[in-house]
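> Based on what follows, work out the 3D shape:
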Amino acid sequence: MGHTCSSCFTSDARARGYEQVAQENGEQSSLADLLQYMETLPSDLRSGNNIMACHFYSGEPLRVLSGLCYSHRLETQRSGAFAFAEITEKEPQAVSRDVLDPLIHLLHSPDDEVQRAASAALGNLAVIFENKHLIIELGALPPLVQQMKLANVEVQCNAVGCITNLATDEPTKMHIAASGALRPLVQLAGTSPDIRVQRNACGALLNMTHTEEIRTFLIHGGAIPVLIGLLGSSDADVQYYVTTALSNLAVDEESRELLSKSYTKLLPTLLEILQSSRSVRLITQSTLAMRNLASSPEFQQRILRANALPVILQNLESDEPPLVLASVACLRNLSICEDMTPETLQASVLNNPIRGKKPMTWRHMIQQLIDLVEYQLPNEPMLSNSASMENLMVAPEMGREIQCHAISTLRNLAASEDKCKHLITELGLPERIRDMLKKDLYGGDGEEGKVLSYEGSLGGDANDSRRHSGAMSTQLKSDVTAVVAVLGLCDDLKPDLLKLGILGVLVPLGIREGEHPEVQGNVAAAIGNLATKVDDYTPFHPYFEEHPEPPSSNGQRLEHSEELSIPRYLVRFLVSDELAFRHIAVHNVVQFLEGKDEKIVKRLREYPTLMELIEKTADGKGLPPIVRPDGTPMENGAHLRGDSDESMNEHDGAPNGDGPMRSGASTPTSGGGLGAPSIVQEVQEIQTLASRAQELFRET
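Residues are numbered from 1 along each chain as shown. Okay, the predicted model is just below:
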């Protein structure tokens, strides 16, 4: 959805127009007919009856109107143009080329008044999707581009407005760019003394920035300095359009590099908007621009050193969901920067205190993020609360996106150091994750019972009407299980996490039919990390029993207990087509065997097919063939047998930021689990681990 504009043509043209040439020889009848039609139009429209307006797009009224447009008399052409402008303003709709041909003919008129009215009429019709391609196909762009270069600001205004409305559709943007329209648009945005022209030009440029190839044209066409210069405009619309356009340009790495090297005023200006603007929509868009800039490590450091953190954190508490989303998305990208520390926040608070607010602390920030993990929008679709958002719609998916950005930020911070893992655990995130997953598994209030089936894709499933109450989006489940995997890396926290009963949600989630593979991979990584270097394996015992009946949190047995078996998911992963799952499975087997817990080792040895699958994996059976440099296959396992004692490290869950986002779009990525080495390397590591598992079975 792009920005659309209204024309600079007003209905006072009618008062100037139709009667002044009624006495012209040979055209008196047509003008009389036109006057008769037009006299009925306004009253019909005011009473809600638009039948007469529709008649102008076909039949005799259109024939009369077209005849005036093709007249050789200037005043007659003006009458036709004025009539078209008023009709299309009152009742725009999809039309045929019989309507558009006379309007495009009028664009070539040497008369400013005719041009102004014709471009206004085309701009009105260009709002309708079905008309956009036909307007371009019939050749409207060349005369519109020429009109942008004329001295008459009224003509400029309507020509730019028409192009702005055409540029809301993706395919038409490339035609506009190829027409030579970009350069005059940039010039008018930067130099026009008329705010209407400037506003329309900035709106057109904003619409064009949604296309990657055109963003490249704009970057090399000098748009960036013009847009940055307009950030301080006194016009609210201009300021919003250029901020959004810059945010979209910052999606591309090339743009960010250019902005980093050549335009040092950008970041301070955006920060000034965050601190001083009263427009929530402008603050939101400025935050999104900073978020996209923060896809670059250099900008991450600059934003943090500019003391922006307290302002961003303050906006996490906003009542406006779009601003909360923009702020937490920006924070997510900043969270992968090595400068994102308690010391940085403390220095920012001292250097940039916020009036009327208590100084922000690191602990408070973590608590804010934990609260956002369960962020909920109102039950019904709503408009933003603030008039300064100008009725910006709050989309239903915003709540889910806020949750995912918050948990990913916590994951990144937890991955940075153990102190942060301890603080996140102390403030109760693991308990919240456990309870959220319970609700997803069992529905409703999370009361334990039969595991509910699930089917979903990564993202986009939060509003599926088939899903039960309490169900989480797949992306959120992937993110929260990745956090558990990261917290499980800290040896000091493992006993506490196990005591919380985290296995009681991880194991059923890992074996649930229809669950997304990425969620199950993260679950297995979390279990593997929790099983490494622990003194007491008792919490794992219920999940290794032949007919496991693990107790629930209230001491009751679970109806679905026969399904809760860690060996079950290990076998499932060992026969998976995904190498990453086989990698996780053999890694987990090695971790449990190295723990040397008699009950667990015995169960792994006795579980049907598990040892057989480990042996086949060690021999390379079922794994992709390893290819020599000359292209000939090498038998898997031939060069790997021996007394290797290598084992795979715990899943470290490297920090993950979020890629840049165009206005209105979000593309969060998930974290946790294993990396993606080359197939050759991964096959070798899997075989090495399987061989290690065989040795451990023999030793025990």
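
> Now the phi/psi pair for S576, please.
Backbone torsions for S576, taken as degrees, to the nearest 10, come to phi -70, psi 150.

> burial of it, as a residue count?
The tally of other residues near S576 (other C-beta atoms under 10 Å) stands at 17. All C-beta atoms are positioned from the backbone trio N, CA, C, and that covers glycine.

> Same question for L74.
Neighbour tally, L74, other C-beta under 10 Å: 14.

> Could you check how far it is from E113?
Taking C-beta to C-beta, to the nearest Å as the measure, L74 falls 9 Å from E113.

> was I right about E254 contacting I219?
Yes. Between E254 and I219 there is a contact under C-beta atoms under 8 Å: 6.6 Å.

> which of the two has more neighbours?
Shown here are E254 and I219; by other C-beta under 10 Å, I219 has more neighbours (17 against 12).

> Can you classify that one by secondary structure?
Three-state call for I219 (DSSP: H, G, I helix; E, B strand; the rest coil): helix.

> pLDDT score for it?
Looking at I219, its pLDDT is 90.

> Low-confidence ranges, the protein, go.
Applying pLDDT under 70 to the chain picks out residues 1-54, 352-357, 378-394, 444-470, 546-563, 624-677.

> in the stretch 301-450 of the chain, which spans are strands?
382-383, 393-394 (DSSP state E, counting those that start in this stretch).

> And the strands in the stretch 501-650 of the chain, which stretches?
Under DSSP E, counting those that start in this stretch, the stretch 501-650 of the chain gives strands at 626-627, 633-634.

> Count the neighbours of the closest residue to T481 other than its chain neighbours for me.
Counting by C-beta to C-beta, 6 or more residues apart in numbering, N522 is the residue found nearest to T481 once chain neighbours are left out, at 3.8 Å. Neighbour count of N522, defined by other C-beta under 10 Å: 32.

> Make sure N522 is actually in contact with L476.
No. Assessed by C-beta under 8 Å, N522 is found out of contact with L476, at 11.7 Å.

> how much space between T532 and L613?
As judged by C-beta to C-beta, T532 and L613 stand 22 Å apart.

> swap in M360?
52 Å.

> And for V127?
For V127, the distance to L613 - C-beta to C-beta - is 62 Å.

> Likewise for C162?
In terms of C-beta to C-beta, C162 sits 67 Å off from L613.

> which one of these two has more residues nearby?
It is C162, of C162 and L613, that has more neighbours when counted by other C-beta under 10 Å, with 31 against 23.

> Chain neighbours aside, what residue packs nearest to that one?
Using C-beta to C-beta, 6+ apart and skipping residues adjacent in sequence, the residue nearest C162 is G123, 3.7 Å away.

> host element of the one you found?
helix 112-125 (DSSP states H and E).

> which outside residues touch the next helix or strand after that helix?
Using DSSP H and E, the next helix or strand after helix 112-125 towards the C-terminus is helix 129-137. Identification of contacts with helix 129-137 by C-beta atoms under 8 Å, 6 or more residues apart in numbering yields 94-95, 97, 100, 104, 122, 125-126, 165-166, 168-169, 171-172, 175-176.

> And helix 129-137, what's buried?
Across helix 129-137, burial judged by 16 or more other C-beta atoms under 10 Å covers N131, K132, L134, I135, I136.

> In a markdown table: the residues you listed, plus distance to Q368.
As requested, the buried residues of helix 129-137 are exported to a markdown table (distance: C-beta to C-beta, whole Å):
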| residue | distance to Q368 |
| --- | --- |
| N131 | 48 |
| K132 | 44 |
| L134 | 51 |
| I135 | 49 |
| I136 | 48 |
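
> Now do the shared contacts for E254 and I219.
Between them, E254 and I219 share no contacting residue, judged by C-beta under 8 Å, 6+ apart.

> CA atoms only for stretch 75-86 - export them in PDB, please.
What follows is stretch 75-86, C-alpha atoms only, in PDB (Å, rounded to 0.1, in the frame of the first residue of the first chain):
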ATOM      1  CA  GLU A  75     -11.900  27.200 -24.400                       C
ATOM      2  CA  THR A  76     -13.900  24.100 -25.500                       C
ATOM      3  CA  GLN A  77     -11.000  21.800 -24.500                       C
ATOM      4  CA  ARG A  78     -10.900  23.600 -21.100                       C
ATOM      5  CA  SER A  79     -14.500  22.800 -20.600                       C
ATOM      6  CA  GLY A  80     -14.000  19.100 -21.300                       C
ATOM      7  CA  ALA A  81     -10.900  19.000 -19.100                       C
ATOM      8  CA  PHE A  82     -12.700  20.800 -16.200                       C
ATOM      9  CA  ALA A  83     -15.700  18.400 -16.500                       C
ATOM     10  CA  PHE A  84     -13.400  15.300 -16.500                       C
ATOM     11  CA  ALA A  85     -11.600  16.600 -13.400                       C
ATOM     12  CA  GLU A  86     -14.800  17.200 -11.400                       C
END
